[in-house]
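Peer 1: build me a model from this:
(2 chains)
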Amino acid sequence: GAGVSQSPSNKVTEKGKDVELRCDPISGHTALYWYRQSLGQGLEFLIYFQGNSAPDKSGLPSDRFSAERTGGSVSTLTIQRTQQEDSAVYLCASGALGGNTIYFGEGSWLTVV
Amino acid sequence: GENVEQHPSTLSVQEGDSAVIKCTYSDSASNYFPWYKQELGKGPQLIIDIRSNVGEKKDQRIAVTLNKTAKHFSLHITETQPEDSAVYFCAASFGNEKLTFGTGTRLTIIP
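Peer 2: I've put the predicted structure just below:
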């Protein structure tokens, strides 16, 4: 597809389990962001990948959160030992090198029960 | 790093009236200012953006103005319609540095 693709679109998991969320950016885009959005709230920055540079991980809320970007394309956000407060929508966005515009996916809705 | 403040957090206007949302930024080097619209259950979508070499940009009923001296920029929506009801986010960045978002404005258009 032409846009940013995220999977799964919905995930229900038990407290304490690990989850992986996947993001397929727009082809050729070198910038990739992960944001978290709790119900009715703003966009909480998590991590930013830009080409081959070291990622900006300053937004990751705890060491239970990690993200990888393989081959400069697909990214996976991993949450270990999930807690109820991790319940939120996780949004991925990508952008082209040299441009600033980013395009969002539809998000992965995570519910921890 | 960049800090973006957005006001108001909620805004209700009568259908047909204008709506204005304002943002201020802290880093004078920032040179790119997009606005995103987020409808319920969806990801944010870019609706308009402006770069620091211009002061105003229009696209039909939507316009953005930029005051570099004061470090603020605004979104103007004229002749509002029910489908304009959504959450709007402003953002700012410089070069390849990460985009910093404001906290969002929930706009409600009253029929």
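
Peer 1: tell me the contacts of residue B:2?
Peer 2: Residues near residue B:2 by CB atoms under 8 Å, 6 or more residues apart in numbering or on different chains: B:25, B:26, B:27, B:30, B:92, B:93, B:94, B:97, B:100. Where C-beta positions appear, they are placed from N, C-alpha and C, glycine not excepted.

Peer 1: also residue A:44?
Peer 2: Contacts for residue A:44 (CB under 8 Å, 6+ apart) come out as A:35, A:36, A:37, A:38, A:59.

Peer 1: bridged to it, which residues?
Peer 2: Beta bridges link residue A:44 to residue A:36, judged by DSSP bridges.

Peer 1: the helix or strand harbouring residue B:63 packs against which elements?
Peer 2: Using DSSP states H and E, the element containing residue B:63 is strand B:62-67. If contacts are counted by 3 or more CB pairs under 8 Å, 6 or more residues apart in numbering or on different chains; DSSP states H and E, strand B:62-67 sits against strand B:32-38, strand B:45-51, strand B:56-59, strand B:72-77.

Peer 1: that one: how far from the chain's middle?
Peer 2: 8 Å (CA atoms, centre = their mean, to the nearest Å).

Peer 1: partner strands of it and their direction?
Peer 2: Paired strands of strand B:62-67, with direction, are strand B:56-59 (antiparallel), strand B:72-77 (antiparallel) (DSSP bridges).

Peer 1: next SSE downstream of the longest one?
Peer 2: What that stands for is strand B:72-77. Defined by DSSP H and E, the subsequent element after strand B:72-77 is strand B:86-92.

Peer 1: among the helices and strands packed on strand B:62-67, which is the most enclosed?
Peer 2: The highest mean neighbour count among the helices and strands packed on strand B:62-67, using mean count of other CB atoms under 10 Å in any protein chain shown, belongs to strand B:32-38: a mean of 23.

Peer 1: what about that one, average pLDDT?
Peer 2: For strand B:32-38, the mean pLDDT works out to 97.

Peer 1: again with stretch A:27-44
Peer 2: Average pLDDT, stretch A:27-44: 92.

Peer 1: in it, what's buried?
Peer 2: Neighbour counts over stretch A:27-44 (16 or more other CB atoms under 10 Å in any protein chain shown) mark A:29, A:30, A:31, A:32, A:33, A:34, A:35, A:36, A:37, A:42, A:43, A:44 as buried.
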